[in-house]
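*Asks:* pasting the structure only:
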């Protein structure tokens, strides 16, 4: 099928973009190398996408450096207007973007429509509004001096986004960087680059000057590695696995570039004996099964008080079994496929890991057959662990796979919650106000949700501690990540005595 035919079959209005976006133009890779992008519903080929190599990274960085002086010195209000225009264009093209994201990633169309696209637009709108509201400070120092600070963009920023939420994460990375006056070289995941390339098209339409944004799909070991190493990139921001994050840090050491990492997670979702059981059951299902569990903040450890564990599971297991799996482009689908066969097989391998350590499979644990057999599907899977020390309770599975652990008292619940190397997000369900605030303080996480889970907003900082990385997305913290402070001292009327007399 031609790209036009593929687009028509998926309900898209325009052909699928499949080239690199460098200096305002869609171009082939210097090497001519491409990689097939697959539809995870049936593993059919959507298109062949250009794969950037080191020469393409160099071209993108050169274009960004050339564009940086004028973009960084543009009036902040004008940069903001462009981002606001982009937000409008995303909303104008919402259905196109939603279908493209679902086709490429396996996100159910209803989620792409209701969550991914709106969150993307609101992020650009938030930072478009912030562009002229983020500023330095005047600092009271000794008499006779004026001291003030400037918040300056860091320069050319390299950004690497993962395959689980490519559309949304592209906005989380680029919106604050651009609002602050930086230029961007962004590498989307090689298996899900299509929505990022569509955003490049809309950015050009919104009026972002040539070279300010460069989007270059490529292999992580090639393009991603070189972005981290590149001596003319001032900062690298990465979202992905902890193992890759460590390699990013090592590669960045050459020019001591600034590094921001949003890495893995193993979220504890604690349900106490006094919780609203219905709310907790529904919240726990959302925490782990949304986007097929492919979320770093997923509530993948379900930590239940022993007094209510059976009652909770009596409601939770039937709910998990009722989730409708199917073609992500079907509006009735509630859970789509995982993003690749390789990842599907990795998730399923943890079923054997659980059994080998004495775990019990309470539901799921299989790839469905029938019409879904050709795709990357995994049933919603619930496993009761023999111990909170088991691998399935410590390692990030990154799929629709939740580990059930029980506890006796608050002290044990907190011990379990803080027992992994990760520290991204966690939640708790309780009507005890004192307990809620105590756990929010004592859980070793960058984010804690009380009587809810997986809430995000452009104004609220997002990030973790420990093996979950460092730095923050969103809010004023994100603008701080993409700027550096310069302190200016002015002698107004201070009389300076000479230090050396002759």
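*Replies:* Nice, I can see it. The structure presented is a predicted model; accordingly, all values stated were derived computationally and were not measured.
*Asks:* now the strands: where do they sit in the stretch 401-502 of the chain?
*Replies:* 401-407, 422-423, 425-429, 447-450, 465-466, 469-470, 483-491 (DSSP state E, counting those that start in this stretch).
*Asks:* quick one: which of these is nearest residue 126?
*Replies:* strand 483-491 (16.5 Å; Cβ to Cβ). Where C-beta positions appear, they are placed from N, C-alpha and C, glycine not excepted.
*Asks:* partners of that closest one in the sheet?
*Replies:* strand 145-153 (antiparallel) (DSSP bridges).
*Asks:* ok now the partner strand, how far from the chain's centre?
*Replies:* The chain centre lies 32 Å from the centre of strand 145-153; the measure is Cα atoms, centre = their mean, to the nearest Å.
*Asks:* So, low pLDDT: which residues of the protein?
*Replies:* 1 (pLDDT under 70).
*Asks:* If you count residues, where's the longest helix of it?
*Replies:* Assignment by DSSP state H gives helix 54-73 as the longest helix of the chain.
*Asks:* and that helix, what other elements does it pack with?
*Replies:* Contacts defined by 3 or more Cβ pairs under 8 Å, 6 or more residues apart in numbering; DSSP states H and E place helix 54-73 against strand 20-22, strand 145-153, strand 156-160, strand 183-187, strand 213-215, helix 225-229.
*Asks:* Can you list the buried residues in the helix or strand that comes right after that helix?
*Replies:* Downstream of helix 54-73, the first helix or strand assigned by DSSP states H and E is helix 76-92. Across helix 76-92, burial judged by 16 or more other Cβ atoms under 10 Å covers 76, 79-91.
*Asks:* repeat for stretch 439-456
*Replies:* 439-440, 443-449, 453-454, 456.
*Asks:* nearest to residue 51, of those?
*Replies:* For the buried residues of stretch 439-456, the nearest to residue 51 is residue 456 (30.9 Å; Cβ to Cβ).
*Asks:* So the closest one sits against residue 463, correct?
*Replies:* No - the pair residue 456 / residue 463 is not scored as a contact, 11.3 Å apart, by Cβ atoms under 8 Å.
*Asks:* Could you chop the protein up by domain?
*Replies:* For the chain, the structural domains run 3-263+468-487, 268-450, going by automatic domain parsing.
*Asks:* Including distance to residue 501, could those go into CSV?
*Replies:* Below are the domains of the chain laid out as CSV (distance: least, Cβ to Cβ, whole Å):
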stretch, distance to residue 501
domain 3-263+468-487, 21
domain 268-450, 56
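*Asks:* Nearest to residue 502, out of those?
*Replies:* For the domains of the chain, the distance to residue 502 is smallest for domain 3-263+468-487, at 24.9 Å, taking Cβ to Cβ.
*Asks:* And that closest one, how far out from the chain middle?
*Replies:* Taking the mean of its C-alpha atoms, domain 3-263+468-487 sits 11 Å from the chain's own mean (Cα atoms, centre = their mean).
*Asks:* Residue 175 falls within a strand, correct?
*Replies:* No - counting by DSSP: H, G, I helix; E, B strand; the rest coil, residue 175 is not part of a strand but helix.
*Asks:* Just give the nearest non-adjacent residue to it, would you?
*Replies:* residue 127 (3.9 Å; Cβ to Cβ, 6 or more residues apart in numbering).
*Asks:* Okay, buried residues for the helix or strand hosting residue 286 please.
*Replies:* Residue 286 is part of helix 277-289, with elements assigned from DSSP H and E. Neighbour-count burial for helix 277-289, counted by 16+ other Cβ under 10 Å, picks out 277, 280-281, 283-285, 287-289.
*Asks:* Same check on stretch 11-28?
*Replies:* 12, 16-24, 26.
*Asks:* Can you tell me what sits against that stretch?
*Replies:* 3-4, 6-7, 29, 34, 37, 46-50, 52, 56, 59-60, 63, 66, 95-96, 99-100, 103, 194, 197-198, 200-201, 204, 209-211, 213-217, 329 (Cβ atoms under 8 Å, 6 or more residues apart in numbering).
*Asks:* Same question for stretch 495-502.
*Replies:* residue 144.
*Asks:* now the longest helix of the chain against strand 183-187, angle please.
*Replies:* 150 degrees (axes from the mean of the first three to the mean of the last three Cα atoms, to 10 degrees).
*Asks:* Share the number of residues neighbouring the closest residue to residue 189 other than its chain neighbours, please.
*Replies:* Spatial nearest neighbour of residue 189, chain neighbours left out: residue 163 (3.7 Å); criterion: Cβ to Cβ, 6+ apart. Using other Cβ atoms under 10 Å, residue 163 has 21 neighbouring residues.
*Asks:* ok, now residue 167?
*Replies:* 27.
*Asks:* Show me the residue sitting in the middle of the chain in space.
*Replies:* What sits nearest the mean C-alpha location of the chain, by Cα atoms, centre = their mean, is residue 169, with 4.4 Å.
*Asks:* got the angle between the helix or strand hosting it and helix 76-92?
*Replies:* Using DSSP H and E, residue 169 sits within helix 166-179. Here helix 166-179 runs at 160 degrees with respect to helix 76-92, directions being taken by the same axes, to 10 degrees.
*Asks:* and helix 166-179, what other elements does it pack with?
*Replies:* helix 76-92, helix 94-105, helix 117-130, strand 156-160, strand 183-187, helix 194-206, strand 235-239, helix 475-481.
*Asks:* how about TSV for the ones you listed, with distance to residue 228 added?
*Replies:* As requested, these are arranged in TSV below (distance: least, Cβ to Cβ, whole Å):
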stretch	distance to residue 228
helix 76-92	26
helix 94-105	24
helix 117-130	24
strand 156-160	7
strand 183-187	10
helix 194-206	18
strand 235-239	5
helix 475-481	16
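*Asks:* closest to residue 42 out of those?
*Replies:* Of the helices and strands packed on helix 166-179, nearest to residue 42 by Cβ to Cβ is helix 94-105, at 11.0 Å.
*Asks:* Next, the angle from the closest one to helix 76-92.
*Replies:* With the same axes, to 10 degrees as the basis, helix 94-105 and helix 76-92 are set at 80 degrees to each other.
*Asks:* Would you check how far apart the nearest residue to residue 330 once chain neighbours are set aside and residue 174 are?
*Replies:* Counting by Cβ to Cβ, 6+ apart, residue 330 lies nearest to residue 109, which is 7.0 Å off, once chain neighbours are set aside. Distance, residue 109 to residue 174, using Cβ to Cβ, to the nearest Å: 24 Å.
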